[in-house]
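*Asks:* Sequence and computational prediction follow.
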Amino acid sequence: MAHRTRQLPEHTEESDAPDPSRAADGEAPPDLRIRLVPKRHTGRAFAAALVGLALAAAAWSVVTNPRFQWDVVGQWLTARTIMEGLLLTLWLTALSMAAGVAIGIVLAVMSSSKNRLLSGAAAAYVWFFRGTPLLVQLLFWFNMSAVYPRIVVGLPFGGPELAAFNANHVITPMTAAFLGLALHESAYMAEIVRAGILSVPQGQIRAASALGMTRLQTMRKIVLPQAMRVIVPPTGNQTISMLKTTSLVSVLAIPDLLYSAQIVYSRNFQTIPLLIVATVLYLVTVSVLTLVQSWIERKFSPDGARERRPRTGARTTALDRRLP
Amino acid sequence: MTPEVLVRAEQVHKSYQRNEVLKGVDLEVRRGEVMCLIGPSGSGKSTFLRCINLLEQIQHGRLWVDGELLGYRQRGDTLHELSEKEQSRQRADIGMVFQDFNLFSHYTALENVIAAPMIVRGESRAAAVERATALLERVGLGDKLHAYPRRLSGGQQQRVAIARALAMRPKVMLFDEPTSALDPELVGEVLDVIGDLADEGLTMIIVTHEIGFARRVADSLAFMDAGVVVESGRPADVIDAPQHPRTQAFLSKVL
Ligand SMILES: Nc1ncnc2c1ncn2[C@@H]1O[C@H](COP(=O)(O)OP(=O)(O)OP(=O)(O)O)[C@@H](O)[C@H]1O
Ligand SMILES: [Mg+2]
């Protein structure tokens, strides 16, 4: 063994080809090149041909079928009411996700509490909002004024009232939609955040605690930033899913992307072209969101992409964000 | 004049459910003293250190650091549990170094060291960075300030962990088998750092299996078995002439 390791460097120095299996002086090296005739994948080629054919047939029928009315699609794709609908969809998505994430974090922290009432309440919340269809929840919020005609700010159990509102005025269709989407989402986010918190090793919490950090400081500075690695990817998926889910609010007559399209085709009866318009716009938005998602995911995997970047300048800003 | 007692444990009992792990630990560590704690696996050494750092709650007995009762406030003959904030303040004065380092993995070496001074003590960033840099240089890591823990060897990680604990200017440092998770060739660099701290007069309690290190560095040695301190004294006395049969049995196995 020692003999060989001593010889190896000399050997590579004198020869051009870094081929350690080269034979001793005088003999020609064996020819190890591969002249390849790849084996045939007959089944695979056949399947590909079938799928290709099916795709071509479908594309041909879509393009040539006059009932798709591509000219109408093109005409409405960038129409003002449709664009306003798309904007409302985006706005509702962002708002509901933001609230869903915020409430989800609170619920996740509650559920990790040692107090049974706190953790139990969080569990019950998640159970309720995940266990009922979103459509039902939306309708419930929409009809809230039937249960609570007046919304009162004041002390409970018949205490003094500070302010009172007519529920019909407060719970507009938009509020109902926001409440329904956000509360439903928060139940899912609670589980995602909880999994993230649990993914942080116990030793990190012990070390922070030993240094004198309070539980809240430990949670904010040590646990949550590390939990992000686990939280971010499914949150991206939730956002994309939320964008599509917002179409449910069309039942509350909110002019989102889908309902705007419906309004138009209820007047001009161009049902299919307008559904195509909505489909195309949903697809485009989801695709953009997917790109954003993969960019954010790369940013949040600290031992991967982020650490290989040049350190100095960027490092300080990253730290300033996390430390007081 | 004998130096004052800095850490005092009196009849400390600790159970997990029905399993009594500490069965009346008595111990005194004077200011500037280095005490090594040895004993067989499961004897409760780690548990005892965690109790001193309030990471565990004791069921009986008293612990004092620098004359201050840990975890409680005594009013008459009743004890009132300290608030979370007060307990955190007590913990901040007690440094702890763990067997498995536990560096914050989302922070660089420097960020690990400045985190607690900034978050807990409210130090300015500039002051914290200056001190952290000096500490990291002192443990021989002046060139690794911006490395993430994952990029550091075990010995380097443990030295960052020591610097991180020192940054809080602790009254006493607790080490729980600081070299047990290290490859043999990395043990020396960590023990050297701890030895330097001993020379500087830092009060330390070190749980270790390195009997040779204990003999060199410790001012006193305590042997723990089955939840009690069986024997303690000057390292040479305990190691070379153990009085208690259980100490004799343990040392004959590890030496
Ligand atoms: N969190 C816990 N819950 C229940 N039992 C525990 C817990 N931590 C420790 N124990 C028990 O307490 C006893 C003492 O453990 P401890 O870790 O203090 O021993 P040790 O002296 O440090 O041993 P070692 O040399 O192996 O580190 C063991 O029997 C262990 O099973
Ligand atoms: Mg231990």
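*Replies:* Noted; the coordinates are in hand. Numbering: from 1, shown residues only, chains lettered A, B, ... in the order given. Ligands and ions are numbered 1, 2, ... in the order given.
*Asks:* Could you check how many residues crowd around the closest residue to chain A within the stretch 51-200 of chain B?
*Replies:* Each residue of the stretch 51-200 of chain B has a distance to chain A, by C-beta to the nearest C-beta, and the smallest belongs to B:Ala92, at 2.6 Å. In this view, the C-beta of every residue, glycine as well, is placed from N, C-alpha and C. Residues lying near B:Ala92 (other C-beta atoms under 10 Å in any protein chain shown) number 20.
*Asks:* State the pLDDT value of it.
*Replies:* Turning to B:Ala92, the model gives it a pLDDT of 96.
*Asks:* Skip the chain neighbours and tell me the closest residue to it.
*Replies:* Counting by C-beta to C-beta, 6 or more residues apart in numbering or on different chains, A:Gly212 is the residue found nearest to B:Ala92 once chain neighbours are left out, at 2.6 Å.
*Asks:* can you dump the C-alpha coordinates of stretch B:96-106 into CSV?
*Replies:* Included here for stretch B:96-106 are C-alpha records, laid out as CSV according to Å, rounded to 0.1, in the frame of the first residue of the first chain:
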residue,chain,number,x,y,z
MET,B,96,-23.6,26.4,29.5
VAL,B,97,-21.7,24.4,26.9
PHE,B,98,-23.4,21.2,25.6
GLN,B,99,-22.0,17.9,24.4
ASP,B,100,-23.5,18.4,21.0
PHE,B,101,-22.6,22.1,20.6
ASN,B,102,-26.2,23.3,19.7
LEU,B,103,-24.9,26.2,17.7
PHE,B,104,-27.8,28.2,16.1
SER,B,105,-27.7,26.7,12.6
HIS,B,106,-29.2,29.8,10.8
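*Asks:* separation between the residue in chain A that ligand 1 sits nearest to and B:Asn102?
*Replies:* For chain A, the nearest residue to ligand 1 under the criterion C-beta to the nearest ligand atom is A:Gln202, separated by 9.8 Å. Distance of A:Gln202 to B:Asn102, computed by C-beta to C-beta, to the nearest Å: 9 Å.
*Asks:* Looking at these two, which one has more neighbours?
*Replies:* Using other C-beta under 10 Å, the more surrounded residue of A:Gln202 and B:Asn102 is B:Asn102, with 23 against 9.
*Asks:* does ligand 1 sit close to stretch B:19-38?
*Replies:* Yes - residues of stretch B:19-38 contacting ligand 1 under C-beta under 6 Å from any ligand atom: B:Asn19, B:Val21.
*Asks:* Can you give me the buried ones in that stretch?
*Replies:* When burial is assessed from 16 or more other C-beta atoms under 10 Å in any protein chain shown, stretch B:19-38 yields the following buried residues: B:20-22, B:25, B:27-30, B:33-38.
*Asks:* pLDDT below threshold where in the stretch 1-150 of chain B?
*Replies:* Using pLDDT under 70 as the threshold, the predicted model of the stretch 1-150 of chain B has low-confidence ranges B:1-3.
*Asks:* what about the strands in it?
*Replies:* When secondary structure is read from DSSP state E, counting those that start in this stretch, the stretch 1-150 of chain B shows strands at B:5-16, B:19-30, B:34-38, B:60-65, B:68-69, B:72-75, B:78-81, B:94-97.
*Asks:* any chance of those strands in a markdown table, plus distance to B:Asp199?
*Replies:* Output for the strands of the stretch 1-150 of chain B, formatted as a markdown table (distance: least, C-beta to C-beta, whole Å):
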| stretch | distance to B:Asp199 |
| --- | --- |
| strand B:5-16 | 18 |
| strand B:19-30 | 16 |
| strand B:34-38 | 10 |
| strand B:60-65 | 22 |
| strand B:68-69 | 27 |
| strand B:72-75 | 35 |
| strand B:78-81 | 38 |
| strand B:94-97 | 17 |
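*Asks:* what's the single longest helix in the chain?
*Replies:* No chain specified, so I'll use chain A. Across chain A, the helix with the greatest residue count (assigned by DSSP state H) is helix A:80-111.
*Asks:* actually it's chain B I care about, not the one you picked
*Replies:* For chain B, the helix with the greatest residue count under DSSP H is helix B:184-199.
*Asks:* ok, the helix or strand that comes right after it: who's next to it in the sheet?
*Replies:* Past helix B:184-199, heading to the C-terminal end, the next element that is a helix or strand (DSSP states H and E) is strand B:203-207. Using DSSP bridges, the neighbouring strands of strand B:203-207 in the sheet come out as strand B:34-38 (parallel), strand B:172-176 (parallel).
*Asks:* just how off-centre is the first one within its chain?
*Replies:* The chain centroid and the centroid of strand B:34-38 are separated by 10 Å, computed with C-alpha atoms, centre = their mean, to the nearest Å.
*Asks:* about what we covered before: for the longest helix of chain B, give the mean pLDDT please.
*Replies:* Mean pLDDT, taken over the full extent of helix B:184-199, equals 92.
*Asks:* If we go by neighbour counts, what in that helix is buried?
*Replies:* In helix B:184-199, the ones that count as buried by 16+ other C-beta under 10 Å are B:Leu186, B:Val187, B:Glu189, B:Val190, B:Leu191, B:Val193, B:Ile194, B:Leu197, B:Ala198.
*Asks:* mind saving the C-alpha coords of it as CSV?
*Replies:* Presented in CSV, the C-alpha positions along helix B:184-199 are these (Å, rounded to 0.1, in the frame of the first residue of the first chain):
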residue,chain,number,x,y,z
PRO,B,184,-10.1,12.1,19.1
GLU,B,185,-7.8,14.5,17.2
LEU,B,186,-10.1,17.4,17.9
VAL,B,187,-10.4,16.9,21.6
GLY,B,188,-7.1,18.7,22.4
GLU,B,189,-8.0,22.0,20.8
VAL,B,190,-11.2,22.3,22.9
LEU,B,191,-9.5,21.2,26.2
ASP,B,192,-6.8,23.8,25.5
VAL,B,193,-9.4,26.5,25.4
ILE,B,194,-11.0,25.3,28.6
GLY,B,195,-7.6,25.1,30.2
ASP,B,196,-6.8,28.7,29.3
LEU,B,197,-10.1,29.8,30.9
ALA,B,198,-9.2,27.9,34.0
ASP,B,199,-5.9,29.8,34.1
